[in-house]
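In: here is the input, now give the coordinates:
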Amino acid sequence: MLEARLDQADILKKVVDAIKDLVQDCNFDCNDSGIMLQAMDNSHVALVSMALKTEAFSPYRCDRNIALGVNLTSLTKVLRAAQGDDVLTLKAEDAPDSLNILFESSENDRISEYDLKLMDIDQEHLGIPETDYAATITMPSSEFKRICLDLMAMSESVTIDASKDGVKFACNGDIGNGSVTLRSHTNVDKPELNVDIALSEPVSLTFSLKYLVNFCKAAAISKQVKICLSNEVPLLVEYTLVGQSYLRFYLAPKASLPETFEAGPRLTGTSRSVTRSKSAIDDGMKLIMRALHGIWDGAKAPVLFTLD
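Out: Have a look, this model is predicted:
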C-alpha cells in the first residue's frame, strides 16, 4: 500500500503544471525512496525527471514498488481543487486501478477527496548517471525565465556560451539579434539573486527556446535554477523542490543526426504529424542514457532526436 502525505499540496500542483505541456501520460514510480517520474516529450527532444524523496513526505509508506499510470491533464483538473496551504495525501493499493487524492485544509475542517482512474503505461524507468559538466550556472529562476522569453521574441533558438568572461545567452533572428551576458556575483542580503558560474572548460551550445520557455514554467517551484552544460551531452535544467528532491529537464542541443546513425527514426515537422511505436520511444530514452553515459561506440554523434 502507498500512503504519502505532503504538507503543501502546492508542490505537486506546481510540478504537474510545469510538465503537463511536455508530457501527456506518465508513470509515477513509487518505492521506498520516494515518488519518481521519468518521461520523454512526444518529439524525443526533452526528458523530464522528477524525484520527491521520502523526506518530502510526513508520513511516507510504500510497502512495495508501485507504478501509477496517470494522465497529467486529468491530474491537473483534480489538483486545481487544492486551496492555499492544503495538505495533500496520496493513497493507492498494491495493485491499484485508481489513485485516492485527499486535500485537508489547515485553516478549517474542510476535507476534499477524489479518486483518479489510473492507466496501464508500459514505460521503462532508466537510471540517469551523475555527470561532470563543463559548466554549471546557478542563477535566479525568474531571471532565466525573463531571458528566455525576451530572446524568444526575436528567434527560435538561443546559443548559451559559457566562458571565463561569464555566460552569454545570444540569439539571431529575422528581425535582428540580441544577447544577455551574466557574470558571477553575490548578493549578501538576497542570496536568491546570486549568480554562480563554475567552469572547467568553455562551452557553446544552441538550444530550442520553445523548450527552454516550457522548462521555465517551473520557475514558481524554486527561486534558483541550475543550468549544466557540456559538449555533446544534453543540457540539464534543475529546480530544487524540498530538501534533496528535484525536478530536472534534459534537452538535446540543436544539431543534425549523422546519416549513419540508426538507433532511431529521424523526426521532422510537428510532433502531432508523427506516430511513434513503443520501440521508437524506447530508443529515444536509451539515446539520452547512452549520451549521458558517453557510450557511442567510439562515434562522436549528437544526442537525442532533433527537430528541423
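In: excluding its backbone neighbours, what's nearest residue 254?
Out: residue 206 (4.5 Å; CB to CB, 6 or more residues apart in numbering). For glycine as for every other residue, the C-beta is placed from the backbone atoms N, C-alpha and C.
In: in three-state terms, label the one you found for me.
Out: strand (DSSP: H, G, I helix; E, B strand; the rest coil).
In: if I look at it, how far off is residue 32?
Out: Separation of residue 206 from residue 32 (CB to CB, to the nearest Å): 41 Å.
In: looking at the two, which is more packed in?
Out: Comparing residue 206 with residue 32 by other CB atoms under 10 Å, the one with more neighbours is residue 206, at 16 against 11.
In: surely that one meets residue 251?
Out: No. If you go by CB atoms under 8 Å, residue 206 and residue 251 don't touch, sitting 10.8 Å apart.
In: which SS class is the residue nearest to residue 218 when sequence neighbours are not counted?
Out: Nearest residue to residue 218 in three dimensions, chain neighbours excluded: residue 18, at 3.8 Å (CB to CB, 6+ apart). Following three-state DSSP, we place residue 18 in the helix state.
In: next, count neighbours for residue 18.
Out: 22.
In: with the one 10 residues further on instead?
Out: The tally of other residues near residue 28 (other CB under 10 Å) stands at 23.
In: now do the same contact list for the residue nearest to residue 2 when sequence neighbours are not counted.
Out: Leaving aside its chain neighbours, residue 2 sits nearest to residue 92 (4.4 Å; criterion: CB to CB, 6+ apart). Residue 92 makes contact with 1-2, 30, 66, 68, 98-100, 118 under the criterion CB atoms under 8 Å, 6 or more residues apart in numbering.
In: switch the cut-off to 10 Å
Out: Going by CB atoms under 10 Å, 6 or more residues apart in numbering, residue 92 touches 1-4, 28, 30, 62, 66, 68, 98-101, 116, 118.
In: wasn't residue 144 part of a strand?
Out: No. Applying three-state DSSP, one finds residue 144 to be helix, outside a strand.
In: distance of it from residue 215?
Out: Distance, residue 144 to residue 215, using CB to CB: 9 Å.
In: intersection of neighbour lists for those two?
Out: Shared contacts of residue 144 and residue 215, counting by CB under 10 Å, 6+ apart, come down to 225, 227, 237.
In: all strands of the stretch 1-150 of the chain, in order?
Out: 2-6, 25-31, 34-40, 46-53, 60-62, 66-71, 87-92, 98-104, 111-117, 135-140 (DSSP state E, counting those that start in this stretch).
In: related to what we said a few turns ago, who are the contact partners of the residue nearest to residue 254?
Out: So residue 206 contacts 157-161, 170-172, 253-255 (CB under 10 Å, 6+ apart).
In: the stretch 51-200 of the chain: helices as residue ranges?
Out: With DSSP state H, counting those that start in this stretch applied, the stretch 51-200 of the chain shows helices at 72-79, 141-152, listed in chain order.
In: can I get those in TSV with mean neighbour count?
Out: Listed next are the helices of the stretch 51-200 of the chain as TSV, based on neighbours: other CB atoms under 10 Å:
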stretch	mean neighbour count
helix 72-79	17
helix 141-152	19
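In: so can I have CSV of the ones you listed showing distance to residue 12 and mean pLDDT?
Out: Listed next are the helices of the stretch 51-200 of the chain as CSV, based on distance: least, CB to CB, whole Å; pLDDT from 0 to 100:
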stretch, distance to residue 12, mean pLDDT
helix 72-79, 7, 95
helix 141-152, 18, 97
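In: and residue 216, how far is that from residue 239?
Out: 10 Å.
In: between the two, which contacts overlap?
Out: Shared contacts of residue 216 and residue 239, counting by CB under 10 Å, 6+ apart, come down to 18, 141, 225, 249.
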